[in-house]
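In: here is a sequence with its predicted model. Questions after.
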Number of protein chains: 2
Amino acid sequence: MNIYDISKKAGVSIATRSRVINGSTKVSPATRAKVLAAIEETGYTPNAFARGLGLNSMRTIGILCADASDIYLANAIYIVESELRDQGYNSILCCTGYALDKKQKDLQLLISKRVDAVVMIGSNYVESDDRDNNYIIEAAKKIPIMIINGYLDATNVYCCLSDDYQATFDITKKLMGKNIKYFLYLYRSESYSGKKKLSGFRDAFEDCQHCDHRELKCTVEITDIVNQIDSIKQSFPTIDAIICSDDEIAVGALKWAKKNKISIPTRLSVVGFNNSKYATISTPELTTIDNHCDSVCKNVVNNLMRVFNGENIPKKLMLSTDLVIRETTK
Amino acid sequence: MNIYDISKKAGVSIATRSRVINGSTKVSPATRAKVLAAIEETGYTPNAFARGLGLNSMRTIGILCADASDIYLANAIYIVESELRDQGYNSILCCTGYALDKKQKDLQLLISKRVDAVVMIGSNYVESDDRDNNYIIEAAKKIPIMIINGYLDATNVYCCLSDDYQATFDITKKLMGKNIKYFLYLYRSESYSGKKKLSGFRDAFEDCQHCDHRELKCTVEITDIVNQIDSIKQSFPTIDAIICSDDEIAVGALKWAKKNKISIPTRLSVVGFNNSKYATISTPELTTIDNHCDSVCKNVVNNLMRVFNGENIPKKLMLSTDLVIRETTK
DNA sequence: TTGTATGCGTTATCAA
DNA sequence: TTGATAACGCATACAA
């Protein structure tokens, strides 16, 4: 069933049929009705491939993320996909993992599938070594690349992120103001946003004489965190606060505190990051930094539409965060 | 840059070029080298739309799920996508929500995009009223439909699910054996698998004289659960065990117990479902039913490949579950 | 307002 | 082993 069959059935030319399908106004009501009737009767659907070939677009966006099962990324995927579809675009999802070669390969794959743009969800796509970001810059020569929570200065690359540096800086300062002196920072990733968070934490100590802090890079396995904190305790006996780069790590910190019978928040403050569902699932419920993932995602889709529209949009859009106070801080 | 440019550059016909691209053996090493050199030199990539038009396939599978941010569905999406890509297929993700008309519309949309098959993740796609499942049956006339955790008996529809009925039946019986008498069952969804779980729970009471039980349909908001359990307490004062249709609800039950200072597992047993990350994030860690989501998903993709291959596949594949005992049961 | 002719970049069929 | 040519189904410029 194709355009010719429909045209024949309706007794019009294929051009007229095309006008009806695509909602052109330049067609008389009578002929439009004829065509619509024929379409209805036959259950005809336009062939998307042929359409794509002619228009050089199937209105499809590639979504790249390391791991769709990660609670934070999953939420972002959900929002991005929904927003895109509201705009008439479908999403091809590609879970790349964290290895560079796989990320490159998958981005290439999406481009070969002729997607109209790619949205990279997660700061892990921007590498520390600038040469490793060439794959993004090359891709951006063909289609717009949108990066969520990462920043890369390149043509046709548009970034939207939350102010992670300020967030960790502010919460650390805030806790210092509550007479907290000994801080431990837990993190897992040294991605773009991972580094921002870490420097925010570090910089907070610049003018604090009586404070001290340690940084600990945890393994991916949350169950190991308890032992890892134990081991740092030997050289850093007092811990008043643990700031974590995500909520899952913060849950690990809570489990450590529980095992060592350290009462929260009286003797220890714990702060998470992301304001994910983990924050309310956990007991006690986590004080955490809300980086407004949904706003970031909506901004990205909105910006992408404007790029398609030929508008000039900022290459870097930074959104502020909010502290959500629950049960793990005073 | 298209097939003609490459052919001209290599000094061969477009047919020969096509043979090289598609790995046909019927081409001499010399000409193959010429073509490959031309491709390499120009950085040519075949046009996927034109290819799709010719082959009537772009090797794309539609994934339908209600909510990609749900921890359970997100995990399934991740596995399905990864497995599909291993087989050379891309995935178009569509988050439909739970409303029937949206599900119908989105399935239709995927078909109009000419996907090779659709994978429905989540038992919410099979409706109670059989007439409402017509949209699936109709779709299956065009492409294979794979259903994860739901069952529908129709041509070209293939289902893979875990034995949820047996799971709740067994755990309830098991707890009865430990002198537990008063059971509360908490659930949110009346989907296909939701109903199976509920009947498993109910049937466990058939030959138990001294036992009693209640069922409570919770609202979606987990924070309401505490109040909802409180209210049932008035007509059902003693609760020895709470069985939940998913881990998130179980966390709600834990929060209720904590608020009422009921010690777990000594005075109350709580059992979750899914063995999701929530089970280990929560405190105490949840005893839960592992329905082996990963195995189910892998089976589905594997079966789909066999369907494409023209093999005869069972229309219903049931996998057994396992109980994972942690801290919320004796 | 409607119809005709052509291009989009492949794959596939049939000869050579 | 290679090449010419016909589909594939649609959009659109141009003509009527």
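Out: All right, it came through fine.
In: quick check, A:Glu197 in a helix?
Out: One correction, residue A:197 is Lys, not Glu. Yes: counting by DSSP: H, G, I helix; E, B strand; the rest coil, one finds A:Lys197 located in a helix.
In: what about it, how many residues nearby?
Out: Counted with other CB atoms under 10 Å in any protein chain shown, residues neighbouring A:Lys197 total 25. Using the backbone N, CA and C atoms, a C-beta is placed for each residue, glycine as well.
In: show me what contacts it?
Out: A:Asp164, A:Tyr165, A:Ala167, A:Thr168, A:Tyr187, A:Ser245, A:Phe273 (CB atoms under 8 Å, 6 or more residues apart in numbering or on different chains).
In: swap the cut-off to 6 Å and go again
Out: Applying CB atoms under 6 Å, 6 or more residues apart in numbering or on different chains to A:Lys197 gives the contacts A:Asp164, A:Thr168, A:Ser245.
In: return the member of the residues you listed nearest to A:Asn303.
Out: Nearest to A:Asn303 among the contacts of A:Lys197: A:Asp164, at 19.5 Å, using CB to CB.
In: mind checking which of the contacts of A:Lys197 are in helices?
Out: Using DSSP state H, the subset of the contacts of A:Lys197 located in helices is A:Asp164, A:Thr168.
In: tell me which of the contacts of A:Lys197 is nearest to DNA strand D?
Out: Of all the contacts of A:Lys197, DNA strand D sits closest to A:Asp164, with 43.2 Å by CB to the nearest atom of the strand.
In: tell me the SS of A:Leu107?
Out: Per three-state DSSP, A:Leu107 ends up helix.
In: quick check, A:Ser128 in a strand?
Out: No: counting by three-state DSSP, A:Ser128 is located in no strand; its state is coil.
In: A:Ile63 and A:Tyr89, how far apart?
Out: To A:Tyr89, A:Ile63 is 11 Å away according to CB to CB, to the nearest Å.
In: likewise for A:Lys217?
Out: 38 Å.
In: more neighbours: the two, which one.
Out: A:Tyr89 (21 against 14).
In: got a pLDDT number for that one?
Out: In this model, A:Tyr89 is scored at 98, pLDDT.
In: which ones are touching it?
Out: A:Tyr89 neighbours (CB under 6 Å, 6+ apart): A:Arg59, A:Ile61.
In: ramachandran angles for it?
Out: Dihedral angles of A:Tyr89 (phi, psi; degrees, to the nearest 10) stand at phi -120, psi 140.
In: measure the closest residue to A:Asp170 other than its chain neighbours to A:Asn291 for me?
Out: Spatial nearest neighbour of A:Asp170, excluding adjacent residues (CB to CB, 6 or more residues apart in numbering or on different chains): A:Leu323 at 7.3 Å. Separation of A:Leu323 from A:Asn291 (CB to CB) stands at 11 Å.
In: and these two? Which one has more around it.
Out: Set A:Leu323 next to A:Asn291 and count neighbours by other CB under 10 Å: A:Asn291 wins out with 24 against 15.
In: nearest residue to that one in space, please, no chain neighbours.
Out: Spatial nearest neighbour of A:Asn291, excluding adjacent residues (CB to CB, 6+ apart): A:Ser162 at 3.8 Å.
In: same deal with A:Lys173?
Out: Per CB to CB, 6+ apart, closest to A:Lys173 is A:Ala204, 5.2 Å.
In: ok, now how distant is that neighbour from A:Leu319?
Out: Taking CB to CB, one finds A:Ala204 at 21 Å from A:Leu319.
In: please identify which residue in the stretch 151-300 of chain A comes closest to DNA strand D.
Out: Closest point on the stretch 151-300 of chain A to DNA strand D, by CB to the nearest atom of the strand, is A:Asn156, at 23.5 Å.
In: isn't that residue up against A:Pro144?
Out: Yes: in this structure A:Asn156 lies within contact range of A:Pro144 using CB atoms under 6 Å: 5.4 Å.
In: could I get the average pLDDT for the helix or strand containing A:Leu254?
Out: Under the criterion of DSSP states H and E, A:Leu254 resides in helix A:247-259. Across helix A:247-259, pLDDT averages out at 97.
In: can you tell me if it touches chain B.
Out: Yes: Helix A:247-259 lies within reach of chain B by CB under 6 Å from any CB of the partner chain, at A:Val251.
In: what residues of that helix count as buried?
Out: Using 16 or more other CB atoms under 10 Å in any protein chain shown as the test for burial, helix A:247-259 gives A:Asp247, A:Glu248, A:Ile249, A:Ala250, A:Val251, A:Gly252, A:Ala253, A:Leu254, A:Lys255, A:Trp256, A:Ala257, A:Lys258.
In: any chance of the residues you listed in a markdown table, with distance to A:Asp212 too?
Out: A markdown table is the format used below for the buried residues of helix A:247-259 (distance: CB to CB, whole Å):
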| residue | distance to A:Asp212 |
| --- | --- |
| A:Asp247 | 25 |
| A:Glu248 | 26 |
| A:Ile249 | 20 |
| A:Ala250 | 21 |
| A:Val251 | 25 |
| A:Gly252 | 22 |
| A:Ala253 | 18 |
| A:Leu254 | 22 |
| A:Lys255 | 24 |
| A:Trp256 | 19 |
| A:Ala257 | 19 |
| A:Lys258 | 24 |
